[in-house]
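S.K.: Generate coordinates for the sequence data below:
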Amino acid sequence: LDRGMVLVLSLWDDSDVNMLWLDSAWPTNEAPRKPGVLRRPCPGGRTSEPAYLRQATPESQVTYSQIKVGTIGSTSSGTRRMASAEYV
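M.R.: Model (predicted):
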């Protein structure tokens with residue numbers, strides 16, 4: 001955290017590697033237990049492929065809003081933690 005943080009906003013449509021680099025084990029030829037390989041659990045398979053998602057949800061869309069940029073602690077006036085129900 002001393003070096004800062006990066007926010008990644010992704011439109012999931014990666015036909016080359018099916019976003020494995022973001023939310024699965026990548027690269028696939030490395031052991032998931034190797035540091036840096038396992039990012040997050042992802043079910044994988046056909047339902048994780050962009051072609052399936054485009055066909056199954058053709059009207060999908062995304063809206064990113066209320067994004068603040070600044071040094072840590074400069075974009076809010078308090079330290080109140082949000083309840084999970086408050087996240088969008």
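S.K.: Centre of the chain to stretch 53-63, how far?
M.R.: Centroid separation between stretch 53-63 and its chain, computed with Cα atoms, centre = their mean, to the nearest Å, is 17 Å.
S.K.: First-to-last residue distance for it?
M.R.: End-to-end distance for stretch 53-63: 18 Å, by Cα to Cα, to the nearest Å.
S.K.: now do stretch 36-49
M.R.: End-to-end span of stretch 36-49 (Cα to Cα): 23 Å.
S.K.: which other residues reach that stretch?
M.R.: 18-27, 30-32, 52-53, 56 (Cβ atoms under 8 Å, 6 or more residues apart in numbering). Every C-beta, even on glycine, is put in place using the N, C-alpha and C of the backbone.
S.K.: again, only using 6 Å
M.R.: By Cβ atoms under 6 Å, 6 or more residues apart in numbering, the residues outside stretch 36-49 that reach it are N18, D23, S24, A25, E30, P32, Y52.
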